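K.L.:
only geometry, no sequence info:
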């Protein structure tokens, strides 16, 4: 903390504001800071749409090729479609992770909900990943469904674990991770 990581990345962004970037940080204040410190890069934060979904606005911003600043939590909830990953790759986006995000986490799903999901809506692939099979589903498990569709949920010891999707990292042209070992 205080070693100049963020200031260093801001200089890099300001030197090449035309480069498309997605900046992921822990707090909304930090997302606002990049907008203020890098005005020529025109960073935007997703806004809630009429359905209260920042995830949908994030996808719209990707389609526009916008520079985007979001929190780790929002990033985790985004439904990664093949089309979204292709757009990230086509636009040549660079990813900036301000502090290392959670890469594995216990998904808080009750035993009953997990059982219902596996019996009615999903199955477990040979590699342990959960695969959503019900194409018509609308209901209380939509947030879990989106994460499953992103290939981010694995079944381990009768629990659902969220894993950071490696396909997402692979879609980016370059990745900067700002952590205590970051060199400026």
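P.N.:
All right, it came through fine. The structure displayed is predicted, hence computed values, not measured ones.
K.L.:
what residues sit buried inside stretch 105-114?
P.N.:
Within stretch 105-114, the residues that qualify as buried by neighbour count (16 or more other Cβ atoms under 10 Å) are 107, 109, 114. In short, each C-beta sits where N, CA and C put it, glycine included.
K.L.:
ok, stretch 27-45 next?
P.N.:
By neighbour count on 16+ other Cβ under 10 Å, the buried set for stretch 27-45 is 30, 31, 33, 34, 35, 37, 38, 41, 43, 44, 45.
K.L.:
next secondary structure after the helix or strand hosting the fourth one?
P.N.:
Per DSSP states H and E: residue 34 is located in helix 28-37. Towards the C-terminus, the helix or strand next in line after helix 28-37, according to DSSP H and E, is helix 54-64.
K.L.:
for stretch 125-145, what is the average pLDDT?
P.N.:
Stretch 125-145 shows a mean pLDDT of 93.
K.L.:
ok, stretch 48-60 next?
P.N.:
pLDDT averaged over stretch 48-60 gives 79.
K.L.:
and that stretch, how far apart are its ends?
P.N.:
Stretch 48-60 has an end-to-end distance of 12 Å (Cα to Cα, to the nearest Å).
K.L.:
and the lowest-mean-pLDDT helix or strand in the chain, how far out from the chain middle?
P.N.:
Taking mean pLDDT, DSSP states H and E as the measure, the chain has helix 72-77 as its least confident helix or strand, at a mean of 83. When distances are taken as Cα atoms, centre = their mean, to the nearest Å, helix 72-77 is centred 5 Å away from the chain's centroid.
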